[in-house]
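Enquirer: return atomic coordinates for the entry below.
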Amino acid sequence: MDPVAALEAGLPVLLPTDTVYGLVSSHDEEAARRLYDLKGRRRDQPTAILAATIEALIEAVPELDGDQLRKLLPGSYTLVVPNPAGRLPWLTGGAPGPIGVRVPQLPAQTHAIVAARGVVLATSANDPGGANPVTLDDVPQRIRRGCGAELDLGPLPGTPSTVVDLTHDEPRILREGAVPGTEALRRLRA
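Expert: Okay, the predicted model is just below:
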């Protein structure tokens, strides 16, 4: 099945991102439930939304600070941002709260698929706590069998995104990743 058609049908899809292979779905509640079940992810664990462009991200979550986002995005970051409207509580562990957002520099084919949907729900395509999938063959077979489509673009860098918390007065690095946290802090303070 075509990846865009699979997403439109509410099915999870395997896509290469800028860092690792990702398990993505539409960001509605039913599709999110399917993704969580397929991955074996606990419902109280937050999951990020991924957009092809900052404009698409702001369309989905209008209260985001576009100027602040543009200091780091597009890039290999997951930003934890305030969510004052309590949007997408099924992605925030079941309670309204901060939300994770990504606008990575995606491979062209992945960018086109995500752009066709605006924003998608995205997590790494591994078992919870498992190794990050650098190739499509690294994705557990049970996850691959449960997807409506997959796109193989060969080996990826393998280091996940750097996670930056922007919900406090001072930004904090929650996870070092593809870009050094010090670089994120420098860009945010510039």
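Enquirer: quick one: the closest residue to Val103 other than its chain neighbours from His168, how far?
Expert: Excluding the flanking residues, the one nearest Val103 by Cβ to Cβ, 6 or more residues apart in numbering is Leu73, at 4.1 Å. The C-beta positions use only the backbone N, C-alpha and C, and glycine is treated the same way. Counting by Cβ to Cβ, to the nearest Å, the gap from Leu73 to His168 is 19 Å.
Enquirer: ok, those two, which is more surrounded?
Expert: Each of Leu73 and His168 has its neighbours counted (other Cβ atoms under 10 Å); Leu73 has more, 20 against 9.
Enquirer: am I right that the more buried one sits in a helix?
Expert: No: according to DSSP: H, G, I helix; E, B strand; the rest coil, Leu73 belongs to no helix; its state is coil.
Enquirer: name the SS class of the residue most central in space within the chain, please.
Expert: The residue lying closest to the centre of the chain (Cα atoms, centre = their mean) is Ala122, at 3.6 Å. What three-state DSSP gives for Ala122 is strand.
Enquirer: so what's it bridging to?
Expert: For Ala122, the beta-bridge assignment (DSSP bridges) gives partners Val24, Ala48.
Enquirer: residues contacting it?
Expert: Counting by Cβ atoms under 8 Å, 6 or more residues apart in numbering, Ala122 touches Thr17, Gly22, Leu23, Val24, Thr47, Ala48, Ile49, Leu50, Arg102.
Enquirer: find the nearest non-adjacent residue to Glu59, please.
Expert: Gly118 (6.6 Å).
Enquirer: swap that for Gly130, sorry
Expert: Here the residue nearest Gly130, using Cβ to Cβ, 6+ apart, is Pro140, at 7.3 Å.
Enquirer: count of residues packed around Glu176?
Expert: Using other Cβ under 10 Å, Glu176 has 14 neighbouring residues.
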